[in-house]
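J.: Let's see this in three dimensions:
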Amino acid sequence: MEQSKPGPGWYSAPDLPGQLRWWDGRAWSGYYQPPFYQSPGRAAIAERPRLAPEAAVYNWAMWATTLLPFAAGLLEVLWYPTFHYRYVGTGNQRSLVPDTTSVLTPSFLIGFILVFVAAYAAWGLSVWFAYVDWKRLERLGVVRPFHWAWAFLSPAVYCIGRSVIVFTVARPRGLAPVWVFAGATLVTSILLVWKAATVFSAVSPVISA
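T.: The predicted structure follows:
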């Protein structure tokens, strides 16, 4: 029976006594560092060594985690609910106003449910992709990468924390997800404001008729 291999971590380098070498769970990497510093009464703390310039600090899972939260927002921009109207008042004082029962129509409810489900699906997938990205960073040799479970709180939290740690070990690279997330937030916010203004402008003339 084949002996199971140890998990990813820093182990004594078989080819360089007195140094540690990163084992990615399958093979030795090209990353070395001195033994962990250990002060009296404290556990050993691993320094985060710098990654090689050619190390791929960006991957598809990271970009999916960064951009998926905006899927529901874009779907909401594309969703134009249909409103019904009714007259209120009597005689010359009659006015045409939106009927609040419009929210009970099948088209409105289906659109609302789709946006709602898309938001939760994007959140769940972002958590999964954060886990995939976290495992990739471990295999890459990043010591104590920002934990994927923070994505449960918000994909934005994972995006920021991940970027800070990767920037620490791969300077000047690593901050691209933060800038992309900020740009996507700005664009989505502008589109949502434009969408709200468009819907309001379409209803306003009818209200004042």
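
J.: tell me the SS of residue 32?
T.: Assigned with DSSP: H, G, I helix; E, B strand; the rest coil, residue 32 falls in the strand class.

J.: May I ask you to name the longest helix in this protein?
T.: Assignment by DSSP state H gives helix 106-140 as the longest helix of the chain.

J.: what mean pLDDT does it have?
T.: Per-region confidence: helix 106-140 scores 86 on mean pLDDT.

J.: How many residues are close by the closest residue to residue 118 other than its chain neighbours?
T.: In space, and not counting its chain neighbours, residue 118 is closest to residue 72: 4.4 Å by CB to CB, 6 or more residues apart in numbering. C-beta here means a position set from N, CA and C on the backbone, and glycine is covered the same way. Residues within reach of residue 72, counting by other CB atoms under 10 Å, total 20.

J.: Surely residue 72 touches residue 112?
T.: No. Using CB atoms under 8 Å, residue 72 is not in contact with residue 112; the gap is 11.7 Å.

J.: Residue 140 and residue 13, how far apart?
T.: 18 Å (CB to CB, to the nearest Å).

J.: what helix or strand is residue 145 on?
T.: Using DSSP states H and E, residue 145 sits in no helix or strand.

J.: for it, what are its contacts?
T.: By CB atoms under 8 Å, 6 or more residues apart in numbering, the residues touching residue 145 are 134, 137, 138, 162, 165, 166.

J.: and the gap between the fourth one and residue 27?
T.: So that's residue 162. Going from residue 162 to residue 27 by CB to CB gives 24 Å.

J.: Which one's more surrounded, those two?
T.: Neighbours were tallied for residue 162 and for residue 27 using other CB under 10 Å; the higher tally belongs to residue 162 (28 against 8).

J.: what's the spacing between that one and residue 137?
T.: For residue 162, the distance to residue 137 - CB to CB - is 8 Å.

J.: Give me the distance between the closest residue to residue 21 other than its chain neighbours and residue 28.
T.: Closest residue in space to residue 21, ignoring its immediate chain neighbours: residue 13 at 3.7 Å, by CB to CB, 6+ apart. Distance of residue 13 to residue 28, computed by CB to CB: 8 Å.
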